[in-house]
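Undergrad: Structure for the following, please:
(2 chains)
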Amino acid sequence: MSQSRVVAAVEIGTSKIAVLLGEIIGDAGLNIIGHCVGTSKGVKKGEITDLDKASDCVHAAILKAEENAKTRVDEVYLAQTGRHLIGDFNVGSANISSADGIVRRADIDAAKEDAKRRTLPRDRTYIHHIQNPFTLDGRPVDNPLSKEGRQLQVGYWSVHGDSESVSDSLRVIRGIDLDVSDMIISSIASGVVLLEESEKENGALVIDMGGGTTDYVLYRKGFIVKTGVIPVGGDHITNDLSIGLRVARKSAEEFKIKNGRAYYESEDRDAKVWLFGDMTIGDREYPLAAITKIIEARVAEVFDIIKEQLVAAEMFEPSDIASGVVLTGGSSQLTGIEEAAHRRFGLDARVSEGPKDVAEELRMPEYSTTLGLLHYALTGQEESQQEAKPSGILRRLTGLFN
Amino acid sequence: MDTTSDILFDQETAQADLKIKIVGVGGAGTNAVVGLKLDNLGDVRLAAINTDAQALNQSPLAEKLVIGRSVTRGLGAGGEVEIGRAAAESDRDAISRLVGDADLIIIVVGLGGGTGSSAAAVVAEVAAKTNALVLAFATLPFSFEGARRKRIAEESVGELRQLVHGLIPLPNDVLLQEGDEDTSVLNAFAVADRWIGRGVNSLCAMLLKTGLINQDFSSLRSVFQYRGGKTIFGTGTATGGDYVKDALEELFICPLLHLGDRPAQLDRILVNIIGGADLGIAKVNEIMTQVTQRFGSREDIVFGAVIDESRSQSIELCILGKAEIGLPVNSEKLVVPEAKHKRIATPGLGLETVIGQDTRAPRPVHTSKLRQKKLPDESQDEFTFVDNEDQRGYFDKTDRNDYNDEDLDVPTFMRRGIKIKIK
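TA: Numbering: from 1, shown residues only, chains lettered A, B, ... in the order given. Prediction:
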């Protein structure tokens, strides 16, 4: 058997902890050998609020996945979310140094270096530098090497986070003597497995609505041009219902799942739904309109905030987002969420059915982020060994998932 | 005093001597007091204090005081807190005369504007120098009325809460959720006044009418031994049918009572039941059991029940609760009120807290175990918009979730003023 290592992809979510174990065999490919979705405690709005509780839950989930796979984990890829994450667009440039104006490797490196030069305050840590296309004298070029020009520019979407929040999540993993090989923000990890290459090319907005946060990533012309985290998720919908209907959190959660819809319709006006529906003491009827209006207000607000942020970044050009909105995450199971997204963005919207090529049980939205992490675990390694590979990696990767 | 109330008064308990004064401060406060429909309550005097002479002239109240003529020439404060404060300061003596020698002073105020927001604190300060128990009903502005009003109200709540024995906030955002879907925002202001009316009526009825289970002024006082802390208020009424069940249901969904996910945090609760001759001990017991289950341990609850002959097949419940979060832990169960009040005097507000020289011993109200637990940071509780925070529910213990000056953890429908009808 060739050299292999076992990678755990871990997402510490607000309501769930997802763990996928992948066995990476040399540089040949990857097998998914174990998985577990555990409950999460001590996490609110995507950030760890109780380190002990969160650690216990994460450890339990990793151990279960290890049992499931009958092997031990060698390294961990960790997803990051939370409102502390901030993305910036940085452009670096380099004047072509050679007399003949031909771009050399040194010029490319210089432009890249220039883009990453911006230093952060001490309490911030970089998580990602995502490279966007090069431009040579203003013209976009895929690979500038050996082309002729005077000035080379490259843009990076750089995401940084609060050092303390990031180190909290690292500490959770280190608590069981495991090393974190890399961190990837949740939205990027989800986007990479949920979109076809053609969709990224045509432009698409991936919205991952979880329990505590809503993460999004916008692809235009095949590149990531904007990411963001809104610290609002399904927990907020439940809380709004609990306050608005004056019912316990548990009942509010039930209303959301059983009767909730992401938008209000006039026919809801006269409809009634039962609190428990079992005719026991305390059971009573609530107007459906109250439920759908409360949810509509919250969902619309989240979408509006995302749209506002895209507009502010001058990235909201419907013609450049031809593949529309792709929804994922636990809260995407809310009835009518695609219609709500369509109404707010004026774009086509669909709920992702999960990556097509993986086993049925891994197509659930719970696993899309961790699948993306494994993708990075594999491609990150390949990139270092044999330079950036053209698209098709995803095809190979997902093909192995079955 | 009419004959009906004469019959109802139990002279032996000297309750009839109890002087209650309800003071409306500022425009909204005055309107609320004018709108009070007090049923047959005897010696309850209504008064109003405002900077706007014209508005005050039009009100039918017997006792009216225009403050700050030298500052505003009888015109309003124009939403300026500083003008309101200067007006109130300039007429401290007149306010003191108006407050007089009442045993219970109820301040009614709408916060967020100029006069009410600043003068209420001066009235409370003056009232605190008397022996009276001082309670305040304060309406808070809608979120959509803007950040400035909200900030003003926020500061006033913080200040007022330290000066009175009990501050009952009525967030307009919450009140808007009441009533019909078509109710306009203006009508929602009237809804706020109605809630104040119900609260005041229930309080006064409890104190002035003879009970099946009698509650008197000293038991009210024992619930409000300390200044500061959070006060919670709720009422429920029902007539006909299974009126006990219906009234309880209404009480539990009372918008002012929403406690998020922590209903057990009340330290002291006073429950008053007003019913007709058919209100038997069995019904009272049923109510007591349910309320106890809902709001905390049995020993922390004080009950009162009043029979009103005119209320056959009908019932009104009123609960007043106090969560003494952030107050100094006191191991003694019973302390003379005066001593306690001195201990919690708030420096910096220039307040001399000589209050509570009630010669009757307060009724025993047990100190809950809650207060022996770790108390949250006191300073944090004082000047935040506590009442908006109550609407954060599950996110209560987390940082504000700011976006464009709004706290995203507060339900969207409330911040947008979307009316939710749940009945």
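
Undergrad: mind checking the longest helix of the chain?
TA: In the absence of a named chain, chain A is used. When chain A is parsed with DSSP state H, its longest helix is helix A:288-312.

Undergrad: sorry, should have said chain B
TA: Assigned via DSSP H, chain B shows its longest helix as helix B:185-208.

Undergrad: mean confidence score for that one?
TA: Model confidence over helix B:185-208 averages 76 on the pLDDT scale.

Undergrad: Next, see if it gets close to chain A.
TA: No - if you take CB under 8 Å from any CB of the partner chain as the test, helix B:185-208 misses chain A, and the best it gets is 15.3 Å. The C-beta positions use only the backbone N, C-alpha and C, and glycine is treated the same way.

Undergrad: if we can go back for a sec, list the buried residues of the longest helix of chain A.
TA: A:288-303, A:305-307, A:309-310 (16 or more other CB atoms under 10 Å in any protein chain shown).

Undergrad: can you map out the strands along the stretch 201-350 of chain A?
TA: If you assign secondary structure with DSSP state E, counting those that start in this stretch, the strands in the stretch 201-350 of chain A sit at A:204-209, A:214-220, A:223-230, A:272-274, A:285-287, A:325-328, A:349-351.

Undergrad: What strands flank the last one, and is each parallel or antiparallel?
TA: Read it as strand A:349-351. Each strand that strand A:349-351 pairs with, and the sense of that pairing, follows from DSSP bridges: strand A:325-328 (parallel).

Undergrad: Now do the helix or strand harbouring residue A:169: everything it contacts.
TA: Assigned by DSSP states H and E, residue A:169 belongs to helix A:163-174. Counting by CB atoms under 8 Å, 6 or more residues apart in numbering or on different chains, helix A:163-174 makes contact with A:10, A:12, A:47-48, A:51, A:54-55, A:58, A:76, A:78, A:80, A:82, A:84, A:122-125, A:127, A:179-180, A:183, all of which sit outside it.

Undergrad: Only whichever of these are buried, select them in ChimeraX.
TA: To isolate the buried members of the contacts of helix A:163-174 in ChimeraX, using 16+ other CB under 10 Å:
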select /A:10,12,47,48,54,55,58,76,78,80,82,84,125,127,180,183
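
Undergrad: from the contacts of helix A:163-174, which ones fall inside strands?
TA: Helix and strand membership here follows DSSP state E; of the contacts of helix A:163-174, those in strands are A:10, A:12, A:47-48, A:76, A:78, A:80, A:124-125, A:127, A:179-180, A:183.

Undergrad: And these, which is closest to chain B?
TA: Out of the ones in strands among the contacts of helix A:163-174, the one with the shortest distance to chain B is residue A:47. That distance is 8.7 Å, counting by CB to the nearest CB.

Undergrad: lowest confidence element among the helices and strands of chain B?
TA: Here the helix or strand of chain B ranked lowest by mean pLDDT, DSSP states H and E is helix B:378-382, holding a mean of 32.

Undergrad: for chain A, that is, sorry about that
TA: Taking mean pLDDT, DSSP H and E as the measure, chain A has helix A:393-399 as its least confident helix or strand, at a mean of 34.

Undergrad: count of neighbours near residue B:89?
TA: 15 (other CB atoms under 10 Å in any protein chain shown).

Undergrad: pretty sure it is touching residue B:119, no?
TA: No - with contacts counted by CB atoms under 8 Å, residue B:89 stays clear of residue B:119, the gap being 9.0 Å.

Undergrad: Could I get the full set of helices for chain A?
TA: So, for chain A - with DSSP H - the helices run A:51-69, A:105-115, A:163-174, A:186-194, A:197-202, A:234-245, A:249-259, A:288-312, A:337-345, A:368-386, A:393-399.

Undergrad: what comes into contact with stretch A:137-145?
TA: Residues beyond stretch A:137-145 that count as contacts (CB under 8 Å, 6+ apart) turn out to be A:103-105, A:107-108, A:133-136, A:147, A:149-153.

Undergrad: quick one: stretch A:200-217 near chain B?
TA: No - using CB under 8 Å from any CB as the criterion, no contacts between stretch A:200-217 and chain B are found, and the smallest distance is 9.7 Å.

Undergrad: so what's residue 65 up against?
TA: No chain was given, so I picked chain A. Taking CB under 8 Å, 6+ apart as the criterion, residue A:65 is in contact with A:8, A:19-21, A:34-36, A:73.

Undergrad: um, chain B though
TA: Contact criterion CB under 8 Å, 6+ apart gives B:47-50, B:56, B:91, B:94-95, B:98 as the residues in contact with residue B:65.

Undergrad: Turn these into TSV, columns for distance to residue A:66, pLDDT and neighbour count.
TA: As requested, the contacts of residue B:65 are arranged in TSV below (distance: CB to CB, whole Å; pLDDT from 0 to 100; neighbours: other CB atoms under 10 Å in any protein chain shown):
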residue	distance to residue A:66	pLDDT	neighbour count
B:47	74	91	23
B:48	73	91	28
B:49	72	91	32
B:50	72	88	30
B:56	76	81	20
B:91	76	88	23
B:94	78	90	15
B:95	73	90	22
B:98	76	89	22
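
Undergrad: now for the strands of the stretch 201-350 of chain A, which one comes closest to residue B:196?
TA: Nearest to residue B:196, of all the strands of the stretch 201-350 of chain A, is strand A:285-287, at 27.2 Å by CB to CB.

Undergrad: Give me the buried stretch members for the closest one, please.
TA: By neighbour count, with 16+ other CB under 10 Å as the criterion, the buried positions of strand A:285-287 are A:286-287.

Undergrad: Can you name the residue of the stretch 151-300 of chain B nearest to chain A?
TA: Nearest to chain A in the stretch 151-300 of chain B, going by CB to the nearest CB, is residue B:253, at a distance of 4.5 Å.

Undergrad: How much space separates the residue nearest to that residue when sequence neighbours are not counted from residue B:251?
TA: Computed as CB to CB, 6 or more residues apart in numbering or on different chains, the closest residue to residue B:253 that is not its neighbour in sequence is residue A:246, at 4.5 Å. The gap separating residue A:246 from residue B:251 is 11 Å, by CB to CB, to the nearest Å.

Undergrad: Between those two, which has more neighbouring residues?
TA: Shown here are residue A:246 and residue B:251; by other CB under 10 Å, residue B:251 has more neighbours (23 against 20).

Undergrad: Double-check the more buried one against residue B:236; I have them as touching.
TA: Yes - between residue B:251 and residue B:236 there is a contact at 3.0 Å, judged by CB under 8 Å.

Undergrad: Fine, thanks again, bye for now.
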